[in-house]
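S.K.: structure for the following, please:
(2 chains)
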Amino acid sequence: MTSPSVAVDPSAKVDPGPPPRKSRPAQRLLHNIGWYGSALLLFLFIAVPIYLIFVSAVSTREAFFAYPKALIPTPDTISLANIELLFTTPGVIDAFWRSVIVGVITVVLALGVGAPAGYAIARFAFRGRDGYRLVVLATRAFPIVILSIPLAVTFRNFGIDDSVIGVAIVHTALTLPFVILITSSVFVSIPRELEEAAQTLGCSPWRAFLKISLPLALPGLVAAAIFTWVLSWNDVFAASILTVINQTLPAKILVGLSAAPPALRFAAGFILLVPSLIVIFIIRRYLLGLWGRVVK
Amino acid sequence: MTKRRRVAPYLLLFPSAAFLIFFFAIPMLQSFALGFQDRDGNWSLDTFSRMLSDPNFLSALQTTLILLILVIPIQFVLAMAMALIINKRLKGTSLWLYVFALPLAISELAAGLVWLSIFTQRGWLNSVLQSLGIIDVPITWLSAENQWLLIGTILVAEAWRATSIIMIILVAGLQSIPDEYLEAAEVYGASLWQRVRRVILPMLRPSLQVALILRVILAIQVFATVVTLAGTALTTMANEAFTWATEILDDNMAAAYASVILLLSIVSTIAVLWLLPVKDEQQA
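M.R.: Have a look, this model is predicted:
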């Protein structure tokens, strides 16, 4: 308790007030060097390994086996021979297309089943909404290990073991929680009033959705679809457990890994990586808005 | 109309709920059931006791936990640094964000192969060290003889691959902290470290909690990076489940391992919720 009558000693450090911002040029420069320097280091940590596997994948035989290797390829050390060899290895091209197709089926199934749920969570207030959201959140990080093993047994009984559709079903289970959360955050970002206005003007709810919300949601939904596809493309555990002959590309690579010559392994690593570079580029605008929000 | 509005959400939820029951809930129960049956399908603890006496069980559990405990702090420090850089809005933020986020879509297998090209005997790391004259003969980074070195290489690969998901969650969390808070702290002369410790970390708690749960559960399932870098020299829980399912063709043992993975996930989630509670008013 301080009494208001106490005389203020001007020399006492009572309230220094906001000190002037540090803005001397030298300090400012140092400050910037610190920030940009750390950004650059982290940038290099992520980017350099990607560059190196690219160089490994497109090296000629001689350049590949040279030691020490040249960090910067020249026109006569570049060749597509390794990648060609990879795709002419029996079964690889089939596995590649199988991976693409499994991904497409997964996208169709996961969005077909998940997007309506995402819409319901975003648009309706109903009993059990928070509970359902919580269940979906809980399944998001669910170990795929525990799904693949019993489903492999079940699929055998239904005669869809070692099949594209079987893998796609497991990938749908794997991606469904993510799709529900992300589509709901897409629909939340579209003002509900627009839909309501259309309905007041005589549109049926379905037509209002189709004509108003869907076109606005489309870019976000496409981003979700693209990311779902890459999640399927990336899965190696479930695909390897569920397939024996009809392998997806990662499963094929994993099984052949120990026997494959190094040049082939790195070409495979690069081919597996390419879609991720493209996918993140396409969806980069949605990363923070959608991905960031989804997890909260 | 109002009745329709009452029924509509449930109709929309139905397909996903059905899917989750058939392909999530039932397989999970089946997995436990498989674990509690012997190979002839009779109920017994035989499979679990076989697993516990399996020499690989303890080493798989040990490797999984060591990787988990070491990788999580590394990833959170890196992710926090990336998130602060993005939040600082330096020039070229969209480029920084693109590159930091790239590994989000990179698979475990691809990441393992990328780092294999670096750590292998005549790989990039030895190439660079030798060109610079730091070493005379290639160092063997990946050898069963030196398991800690192997674990180190896996940690690097995992930190590279799986930090972006944490970064995205933290950036989103940072953006929800009002600028005034940080400006006020800065105006009063708080250093970066003080701002992180006193303002950012407490306010980021909900994001940190979510990121931690997600990352820990995924780390317990670590698989393909270990296979590509360590081959058979190290084994993890997911690795064992995989081997029993695909090579030994013993679904019961595979399911028993999978059940332990699920159990570890649940226990660690509870531990995170208990160690890092989020007050109700902080919930997003």
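
S.K.: ok, the closest residue to chain A within the stretch 1-150 of chain B - contacts?
M.R.: Nearest to chain A, among the residues of the stretch 1-150 of chain B, is B:L113, at 2.8 Å (C-beta to the nearest C-beta). Placement of C-beta: from N, CA and C, glycine included. B:L113 makes contact with A:53, A:265-266, A:268-269, A:272, B:228 under the criterion C-beta atoms under 8 Å, 6 or more residues apart in numbering or on different chains.

S.K.: now the helix of greatest length in chain B: average pLDDT?
M.R.: In chain B, taking DSSP state H as the definition, the longest helix is helix B:55-87. What helix B:55-87 shows for mean pLDDT is 95.

S.K.: following that helix, which helix or strand shows up next?
M.R.: Along the chain past helix B:55-87, the next helix or strand (assigned with DSSP states H and E) turns out to be helix B:93-101.

S.K.: now that next one: average pLDDT?
M.R.: 92.

S.K.: show me the helices in chain A, by range?
M.R.: Using DSSP H, the helices of chain A run over A:25-57, A:61-65, A:81-88, A:92-123, A:129-140, A:144-158, A:164-188, A:192-200, A:205-208, A:214-234, A:237-242, A:249-256, A:262-283, A:293-294.

S.K.: just name the most buried of those.
M.R.: Of all these, helix A:237-242 carries the top mean neighbour count, a mean of 27, counting by mean count of other C-beta atoms under 10 Å in any protein chain shown.

S.K.: what does the pLDDT read for B:K3?
M.R.: So B:K3 comes in at 68 (pLDDT).

S.K.: the longest helix of chain B to helix A:25-57, inter-axis angle?
M.R.: 130 degrees (axes from the mean of the first three to the mean of the last three C-alpha atoms, to 10 degrees).

S.K.: so, in contact with chain A or not, helix B:55-87?
M.R.: Yes: Helix B:55-87 comes into contact with chain A (C-beta under 8 Å from any C-beta of the partner chain), by way of B:78, B:81-82, B:85.

S.K.: only the buried residues of that helix, if you could.
M.R.: B:57, B:60-61, B:63-64, B:66-68, B:70-72, B:75-76, B:78-87 (16 or more other C-beta atoms under 10 Å in any protein chain shown).

S.K.: now the residues of helix B:55-87 next to chain A in CSV, with distance to B:A190?
M.R.: As requested, the residues of helix B:55-87 next to chain A are exported to CSV (distance: C-beta to C-beta, whole Å):
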residue, distance to B:A190
B:L78, 23
B:A81, 18
B:M82, 21
B:I85, 19
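
S.K.: between the residues you listed, which is closest to A:H31?
M.R.: B:I85 (13.1 Å; C-beta to C-beta).

S.K.: what sits against the nearest residue to A:G114 once chain neighbours are set aside?
M.R.: Leaving aside its chain neighbours, A:G114 sits nearest to A:V179 (3.6 Å; criterion: C-beta to C-beta, 6 or more residues apart in numbering or on different chains). Listed by C-beta under 8 Å, 6+ apart, the contact partners of A:V179 are A:110-111, A:114-115, A:118, A:224, A:228.

S.K.: and which of those residues is nearest to B:Q175?
M.R.: Nearest to B:Q175 out of those is A:A224 (C-beta to C-beta; 20.5 Å).

S.K.: and A:Y286, how far is that from chain B?
M.R.: Applying C-beta to the nearest C-beta, to the nearest Å, the value for A:Y286 to chain B is 11 Å.

S.K.: need the CA coordinates for stretch A:225-235. PDB is fine.
M.R.: Only the C-alpha atoms of stretch A:225-235 are listed here, as PDB (Å, rounded to 0.1, in the frame of the first residue of the first chain):
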ATOM      1  CA  ALA A 225      -7.300 -33.800 -52.000                       C
ATOM      2  CA  ILE A 226      -3.800 -33.300 -53.200                       C
ATOM      3  CA  PHE A 227      -2.400 -33.700 -49.700                       C
ATOM      4  CA  THR A 228      -4.500 -36.800 -49.200                       C
ATOM      5  CA  TRP A 229      -3.000 -38.300 -52.400                       C
ATOM      6  CA  VAL A 230       0.500 -37.700 -51.200                       C
ATOM      7  CA  LEU A 231      -0.200 -39.300 -47.800                       C
ATOM      8  CA  SER A 232      -1.300 -42.400 -49.700                       C
ATOM      9  CA  TRP A 233       1.700 -42.200 -52.000                       C
ATOM     10  CA  ASN A 234       4.000 -42.000 -49.000                       C
ATOM     11  CA  ASP A 235       2.700 -44.900 -47.000                       C
END
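
S.K.: starting at the chain centroid, how far to that stretch?
M.R.: Relative to the chain's own centre, stretch A:225-235 is displaced by 7 Å; criterion: C-alpha atoms, centre = their mean, to the nearest Å.

S.K.: got the contact list for the closest residue to A:L174 other than its chain neighbours?
M.R.: Computed as C-beta to C-beta, 6+ apart, the closest residue to A:L174 that is not its neighbour in sequence is A:I144, at 5.5 Å. Listed by C-beta under 8 Å, 6+ apart, the contact set of A:I144 reads A:170, A:174, A:235, A:237-238, B:221.
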